[in-house]
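Peer 1: return a 3D structure for these sequence lines:
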Amino acid sequence: MTAESNRPLVRETVCKVLKTVQPFSSLQAEELEQLVPKIEYQKYPADSFIFRQGEDSKRVLFIIVSGLAEIRVRNETGKESVAGYRRQGEFFGETVILSDKSYPASIKALTELECLLVHRQDFEVLLESNATFASFFGQVVVDRFRSLFQEVALELGPAVTYENHAAWKRASELMSKPVITCSPREKTNQIARIMSLYHISAVVLTTADGEVSGLVTEKDLVEKVVANSRSPDNIRAEEIANNNPVCISPDSFYYQVLLAMIKGQAKHAIVTENNRPIGIITIRDLIRSRNTGVISVVDRLESQSDLENLAQVGREIDQILNGLVAENAPIPEILDIITEFYDRLTRQIIDISIEKMLPEFGPPPAKFCWLTMGSGGRREQFLRTDQDNALIYQHVGDKQQAKKAEQYFAHLSNLVVKGLTACGFAPCPGNVMAVNSLWRGDSMYWQSQVTRWVQQSETVHTRLLTIFLDFRPVYGYMPLAEELRHFVNSSFNSQQLALAFLAEDACQGRLPLGFLGNPVGERSREHRSEINLKSSVSVYLVDCVRLLALKAKCPVTSTLERLHFLKNANTLSEDLIELLETSFQTIMLFRLRTNLKKLKAGKRPDNYLDLKTLSVREKSLLKDTLKAIDKLMHITREANLLY
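Peer 2: The predicted structure follows:
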C-alpha cells in the first residue's frame with residue numbers, strides 16, 4: 001500500500017512535534033521558521049512498508065508523529081527478523097539520508113503511521129548551521145564521509161578487488177607458520193642446525209612464558225660468529241640476537257608490514273599476539289606477494305657511496321610512488337614509505353658529505369642534528385619538492401672552538417644542500433635551508449631565535465614560525481631536537497599572544513566555497529575553474545591543526561599524528577577528528593593523482609585541480625572536505641578570541 005499525502009499540518013503543530021524530538025528541540029526560533037514550511041507530512045496505512053531493505057535512499061528523515069513502526073532485517077538466506085521498533089517522537093532513515101546507499105533494513109507500519117519528512121538539503125543546512133544538531137548526528141556524517149572517500153579512492157584506481165590484491169592482504173595471510181623458536185641460552189651451533197633442518201633464515205627467541213625476546217638470523221651467524229672466527233659451541237643465541245626485532249600484529253596490512261621492515265632495516269617481521277609469536281614474514285614473502293621495486297630500492301639506497309649513483313636511485317623513488325598510487329595503497333602508508341625513502345636518501349647524503357670533509361676538516365667538532373621542515377617535517381612530502389631544512393649543533397663554550405664548529409657546519413650544510421639538489425630536491429626560493437646562517441646555529445642560538453620570533457610576533461616572524469614549527473630530526477644527535485621542541489612548547493606557554501597571531505595567520509584566508517557551499521574555481525585566465533589544493537585548501541587544515549597541537553604541547557609533527565594526539569587530549573570531538581582525518585586523506589589523494597598525471601604528461605606539478613574533470617561523487621567528496629576544514633577554521637577563530 002502507498003502512503004497517503006494529506007494537507008500539511010499547521011505550523012504550530014509541526015513546531016510542537018519538533019520540540020519533543022531530539023535534536024530538533026535545540027533549534028532556535030528562526031531556524032524552525034525556515035525549516036517548518038519545507039517539511040512534508042505523510043500518513044502510512046497499517047501493515048504497509050515505508051521502504052524495504054535494499055531500496056535506494058529516499059534522502060529524507062522520517063519523524064514519527066503518531067503510530068508504531070517495525071524494523072525488519074533480512075539475512076543472507078532471505079529470512080526476515082524483527083530488529084526493533086520506532087515510536088512517537090522518534091525517527092528513522094538517518095543512516096542513509098546523506099548517502100546514495102540502499103536501506104540496510106526495512107521499516108513497516110504496524111499501526112497507522114503519521115510522519116514528518118525532512119529532506120536531505122534541509123537536513124544538511126541544519127548540520128552546517130547548528131553545532132548541537134551536528135553533534136547529535138555526528139557519526140552519521142562521519143560514516144557517510146568515510147564511505148564516500150573510499151568509493152572515490154577506488155574509482156580513481158585500477159579495477160582490483162580486495163580479495164586478490166596484495167596491498168589489502170593482512171599479516172595473518174602473508175606469514176609463515178608455525179614459528180620455529182628456541183631459548184635465548186641455546187648455543188649458536190644448535191641455532192645453525194635448526195635453520196638447516198627447517199630451511200629457514202631466522203629463529204625467534206622466546207622466554208619461558210613464550211614471549212618474544214629476540215631474533216637470530218643467518219646474517220647474525222655469519223657476521224657475528226663465522227666472520228670473527230668465534231666458536232659457535234661457546235656462544236649463546238642471546239649474545240648475537242637482535243633484542244628489538246620488528247614485531248607486528250596479525251591484522252596489519254601489507255604496506256604496514258613493509259613500512260615496519262623499512263624503518264627497522266630488517267628482513268624479517270615477527271607476527272605476534274600478546275607478544276607471543278604466531279607467524280613470521282620475510283622479505284621473500286613480500287616479494288612473492290607483489291612489487292619487488294620498493295625492496296630493491298631500499299637495498300640500493302643503503303649501498304651507494306657517491307652522489308651520482310644516489311641520485312639515480314632517488315629517481316626510482318618516483319616510480320615507487322606511481323606504483324603505490326596505481327594500486328590504491330592507503331594514503332598514510334604512501335606518505336610514510338616515501339618519507340622513509342627521502343629520510344634515508346638525506347642520511348646517505350650527509351654520510352657522504354662527512355666522509356668527503358675528513359681530509360680537510362676531520363670529523364664533526366660537535367654533536368649535531370639535521371632538521372627537515374615544511375611538508376618533509378610533517379612526513380607529507382610525496383614529490384621531490386623544494387628543500388626546507390636546518391641544522392642545530394651543541395653549544396661550544398670556547399670561542400676558537402665555536403668558530404671552528406661554525407666553519408665546519410657551514411661547509412657541511414653547503415655539501416648536503418648541493419647533494420639534495422643533485423638528487424632532485426630544488427633549493428628553497430626563500431632560502432629556508434641550512435646554508436643560510438638564519439637556519440643554522442648552536443643550541444643557544446636556536447633558543448635565542450625562537451624567543452625573538454615568539455615574543456616579537458611580527459608578521460615576518462609568524463611566517464617563519466609556520467615553517468619552523470614542523471621541524472623533525474632526520475640525522476645526528478636526536479636529543480638536540482627534543483630539547484629544542486621542549487623549549488618551543490615552553491616559550492609559547494608563557495607567550496599566549498603569539499598563539500593568537502598564529503591563529504590569525506592560519507584563518508586570514510578564505511576557502512574556495514561558493515554561496516551555496518559548492519567548491520568554486522579561480523577566475524584567472526590561466527586557472528579558470530581550478531583550485532589550488534595546497535595553497536587554497538590544505539594550508540588551512542595544516543595550519544589550524546598545527547596551532548591546536550602547539551597549544552596542547554603535542555610532540556609530533558605530521559597532521560594525522562597531531563589529529564590523533566588532539567583526539568586523545570579531548571581538544572576536538574572524536575567525530576570532527578574523523579572528519580578531518582578523512583579530509584586530509586581526500587586532499588592528499590587528489591594532490592597525488594593530479595600532480596602525477598601532470599608529471600606523466602611532461603607538465604609541472606602545481607597542485608591545481610580542474611573542477612570540470614570531477615565526477616559527481618568526487619565533487620561531493622571535495623565539498624564535504626571543504627566544509628569540514630571550514631568548521632575547523634571557525635573553531636580556531638573562536639579560540640583566538642579568548643586572548
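Peer 1: would you confirm that K187 contacts E239?
Peer 2: No: here K187 does not reach E239: they are 10.0 Å apart, not a contact under Cβ atoms under 8 Å. For the C-beta atoms, the positions are set from N, CA and C on the backbone; glycine is no exception.
Peer 1: give the contact list for L415.
Peer 2: Contact analysis of L415 by Cβ atoms under 8 Å, 6 or more residues apart in numbering lists 353, 356-357.
Peer 1: actually, F471.
Peer 2: 371-373, 377, 390, 481, 484-485, 557.
Peer 1: what's the distance between it and G424?
Peer 2: F471 sits at a distance of 22 Å from G424 (criterion: Cβ to Cβ, to the nearest Å).
Peer 1: same question, E223
Peer 2: 34 Å.
Peer 1: next: S26.
Peer 2: Separation of S26 from G424 (Cβ to Cβ): 54 Å.
Peer 1: repeat that for I270.
Peer 2: For I270 relative to G424 (Cβ to Cβ), the value is 36 Å.
Peer 1: who touches stretch 207-220?
Peer 2: By Cβ under 8 Å, 6+ apart, stretch 207-220 touches 184, 188, 191, 195, 201-206, 237-238, 240-243, 245, 247, 267-268, 270, 272, 275-277.
Peer 1: before we move on, what about stretch 13-21?
Peer 2: 8-9, 24-25, 27, 32, 35-36, 39, 63, 65, 89-91, 116.
Peer 1: can you say which of these are buried?
Peer 2: Buried subset of the contacts of stretch 13-21 (neighbour count, 16 or more other Cβ atoms under 10 Å): 9, 24, 27, 32, 35-36, 39, 63, 65, 91, 116.
Peer 1: export those residues to JSON lines and append columns for pLDDT and secondary structure.
Peer 2: Shown next, in JSON lines, are the buried ones among the contacts of stretch 13-21 (pLDDT from 0 to 100; DSSP: H, G, I helix; E, B strand; the rest coil):
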{"residue": "L9", "pLDDT": "66", "secondary structure": "coil"}
{"residue": "F24", "pLDDT": "92", "secondary structure": "helix"}
{"residue": "L27", "pLDDT": "89", "secondary structure": "coil"}
{"residue": "L32", "pLDDT": "90", "secondary structure": "helix"}
{"residue": "L35", "pLDDT": "93", "secondary structure": "helix"}
{"residue": "V36", "pLDDT": "92", "secondary structure": "helix"}
{"residue": "I39", "pLDDT": "94", "secondary structure": "coil"}
{"residue": "I63", "pLDDT": "95", "secondary structure": "strand"}
{"residue": "V65", "pLDDT": "94", "secondary structure": "strand"}
{"residue": "F91", "pLDDT": "91", "secondary structure": "strand"}
{"residue": "L116", "pLDDT": "95", "secondary structure": "strand"}
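Peer 1: ok, so of those residues, who is nearest F590?
Peer 2: Using Cβ to Cβ, L35 comes nearest to F590 of the buried ones among the contacts of stretch 13-21, at 33.7 Å.
Peer 1: how near is the closest one to S129?
Peer 2: Going from L35 to S129 by Cβ to Cβ gives 10 Å.
Peer 1: count of neighbours near F492?
Peer 2: 20 (other Cβ atoms under 10 Å).
Peer 1: typo on my end, it should be S535
Peer 2: So S535, with other Cβ under 10 Å, has 13 neighbours.
Peer 1: go on, T346?
Peer 2: Residues near T346, counting by other Cβ under 10 Å: 22.
Peer 1: now it: which helix or strand?
Peer 2: Remark: T346 resides in helix 331-361, with elements defined by DSSP states H and E.
Peer 1: helices and strands around that helix, which ones?
Peer 2: Contact partners of helix 331-361 among helices and strands, from 3 or more Cβ pairs under 8 Å, 6 or more residues apart in numbering; DSSP states H and E: helix 254-264, helix 293-303, helix 307-326, strand 368-372, helix 399-422, strand 472-476, helix 574-600.
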